[in-house]
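A.B. asks: Sequence plus the predicted model coming up.
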Amino acid sequence: MSVGDPIAVTVEDLNEIEAVGTPFGSSKGTLRVMLVLLHDFPEFLCDYHFSFCDVIPASYIQMWNIILSAFTQNMRLPDPSTPNLKIGLYQEMAQPPLILSEVDAALTAKHMKADVEAAQDTATGFFFPQ
């Protein structure tokens, strides 16, 4: 991680912080860094959300919410108070998300890849179009 590069926070850096002792060192400081990333570089959080959520413990709900609430600047969010909201009609819903993380490696490391592929092969419907 270089000093002048604001996007240099990587999954390896988070693992190093966790290895120091208490998970994520000072969670208050980590939350602040995540908020800066959310404000200044939301695309980074969108692209690497899988890697971040893979290493952040489930008990760090605020940190998960920050990462998963990120959206790109060109994305139009629907108004949740719209009556009869049809989320499937939005153009953004037809586009698959960009994931720059190594999903296959993470699933293989947790011995889940075969299960996910089997579920994908047999499932039908909205989430697994044929």
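C.D. replies: On my side now, so go ahead.

A.B. asks: Would you map the helices across this protein?
C.D. replies: 11-19, 27-40, 42-47, 49-55, 61-68, 103-109, 113-122 (DSSP state H).

A.B. asks: want to throw those helices into CSV with mean neighbour count and mean pLDDT?
C.D. replies: Placement of C-beta: from N, CA and C, glycine included. Below are the helices of the chain laid out as CSV (neighbours: other CB atoms under 10 Å; pLDDT from 0 to 100):
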stretch, mean neighbour count, mean pLDDT
helix 11-19, 14, 55
helix 27-40, 14, 88
helix 42-47, 17, 91
helix 49-55, 18, 88
helix 61-68, 16, 91
helix 103-109, 13, 85
helix 113-122, 11, 82
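
A.B. asks: right, so of those helices, which gets closest to residue 81?
C.D. replies: helix 61-68 (20.2 Å; CB to CB).

A.B. asks: Pull the distance from that closest one to the chain's centre.
C.D. replies: 9 Å (CA atoms, centre = their mean, to the nearest Å).

A.B. asks: cool, stretch 91-110 as well?
C.D. replies: On CA atoms, centre = their mean, the centre of stretch 91-110 falls 9 Å from that of its chain.

A.B. asks: what does stretch 40-57 give?
C.D. replies: The answer for stretch 40-57 is 4 Å, by CA atoms, centre = their mean.
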